[in-house]
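Asker: Just the structure for this:
(one chain, ligands or ions: 1)
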Amino acid sequence: MLAIKDLQVSFSGRAVLQVTDLKLAGGKVHGIIGLNGAGKSTFFNVLSEVVNAEKGEIIHDGKPLKYPDIAYLETSNFFYASLTGREYLNIFPKTNPDFKLHVFRDILQLPLDQLIETYSTGMKKKLALLAILQQNKPVYMLDEPFNGLDLESNRALEMIMDLLRKKGKTVLVSAHILEPLLHTCDQIHLLQNGRFIQTFEEAAFPEIREKLFAQLNQDLQNKLGQAF
Ligand SMILES: Nc1ncnc2c1ncn2[C@@H]1O[C@H](COP(=O)(O)OP(=O)(O)OP(=O)(O)O)[C@@H](O)[C@H]1O
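Answerer: The predicted model follows:
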């Protein structure tokens, strides 16, 4: 269980994330959905200690969550262009005994012996994904992992998340479009203007779209009203 209480993150005095009380059950896949700027990356960054919270606590199985507990796939990843994919993977610890690189390489169709500078955006994303999958961590956080992936890799990622859940991992996955989360998540948490406003169980997933668009339509109508 990941329990987050009274968490607040501010930039230049502006609160961009305020989480009063959020409990994420262990061994499940949790979707975090929100529009651009809702605070998804900030949420992941504060959980993984990349940014500091002003206040609050993040407890994982009774203890404060620490960076070594987390495998974090960030939205953008940094690569040394002059390395091959395989050399890049060797930078990271390999602590997952079940990880079979050749199987994932074939599924994701990655030319691991080519220089990373020859990779497409989607291929870089897949390489970063492999780097975290080869690590055995209790919590996996995937920030917009579907961005740039083709149909087949999308499906592969859905299956990978399913596998992580079966192994009892807690998976947090963000997206600003709903579709990929519907197939993979046990719960979807809606983040709006830095606050989690609602949690949807699987049976209620069809309602999310309506909820997202109700807010969006109102915002768009207000803005377009000013434009014309
Ligand atoms: N380093 C920073 N300095 C100042 N403001 C920031 C910083 N990082 C994020 N913000 C602000 O915090 C808010 C949340 O940003 P965040 O990147 O977490 O949103 P997001 O939901 O991940 O958005 P997107 O879907 O566009 O990636 C935004 O208003 C953003 O401008």
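
Asker: name the helices or strands packed onto whichever strand or helix holds residue 217?
Answerer: Per DSSP states H and E: residue 217 is located in helix 205-227. For helix 205-227, the packing partners by 3 or more C-beta pairs under 8 Å, 6 or more residues apart in numbering; DSSP states H and E come out as strand 187-192, strand 195-201. Quick note: C-beta positions are derived from backbone N, CA and C, even for glycine.

Asker: then the last one to PDB, C-alphas only?
Answerer: Once side chains and other backbone atoms are set aside, the C-alpha atoms of strand 195-201 remain, and they are given as PDB (Å, rounded to 0.1, in the frame of the first residue of the first chain):
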ATOM      1  CA  ARG A 195      -5.600  17.600  -6.900                       C
ATOM      2  CA  PHE A 196      -6.900  14.100  -7.100                       C
ATOM      3  CA  ILE A 197     -10.600  14.600  -7.500                       C
ATOM      4  CA  GLN A 198     -11.900  11.100  -8.100                       C
ATOM      5  CA  THR A 199     -10.900   7.500  -8.200                       C
ATOM      6  CA  PHE A 200     -12.700   5.200 -10.600                       C
ATOM      7  CA  GLU A 201     -12.900   1.400 -10.200                       C
END
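
Asker: Start at 481, not 1
Answerer: Shifting the count to begin at 481 puts that one at strand 675-681.

Asker: Output the below-cut-off pLDDT ranges for the chain.
Answerer: Within the chain, the ranges that satisfy pLDDT under 70 run 695.

Asker: Pull up the residues of it that are close to the ligand.
Answerer: Residues of the chain lying close to the ligand by C-beta under 6 Å from any ligand atom are 491, 496, 514, 516-522, 656.

Asker: Go ahead and report the secondary structure state at residue 592.
Answerer: At residue 592, secondary structure determined by DSSP: H, G, I helix; E, B strand; the rest coil is coil.

Asker: What's the local residue count around it?
Answerer: 18 (other C-beta atoms under 10 Å).

Asker: now swap in residue 618 and tell me
Answerer: 17.

Asker: can you pull the contacts of the residue lying closest to it once chain neighbours are set aside?
Answerer: In space, and not counting its chain neighbours, residue 618 is closest to residue 549: 5.5 Å by C-beta to C-beta, 6 or more residues apart in numbering. Each residue near residue 549 by C-beta atoms under 8 Å, 6 or more residues apart in numbering is listed here: 540, 617-619.

Asker: try residue 524
Answerer: Per C-beta under 8 Å, 6+ apart, neighbours of residue 524: 530, 552, 554, 621, 623, 652, 654.

Asker: Is it possible to mark the buried ones in the residues you listed?
Answerer: Among these, those buried by neighbour count (16 or more other C-beta atoms under 10 Å) are 552, 554, 621, 623, 652, 654.

Asker: Which of these fall within strands?
Answerer: Those of these mapping onto strands are 552, 621, 652, 654, per DSSP state E.

Asker: For the buried ones among the contacts of residue 524, which two are the farthest from each other?
Answerer: 554 and 652 (12.7 Å; C-beta to C-beta).

Asker: All set, thanks.
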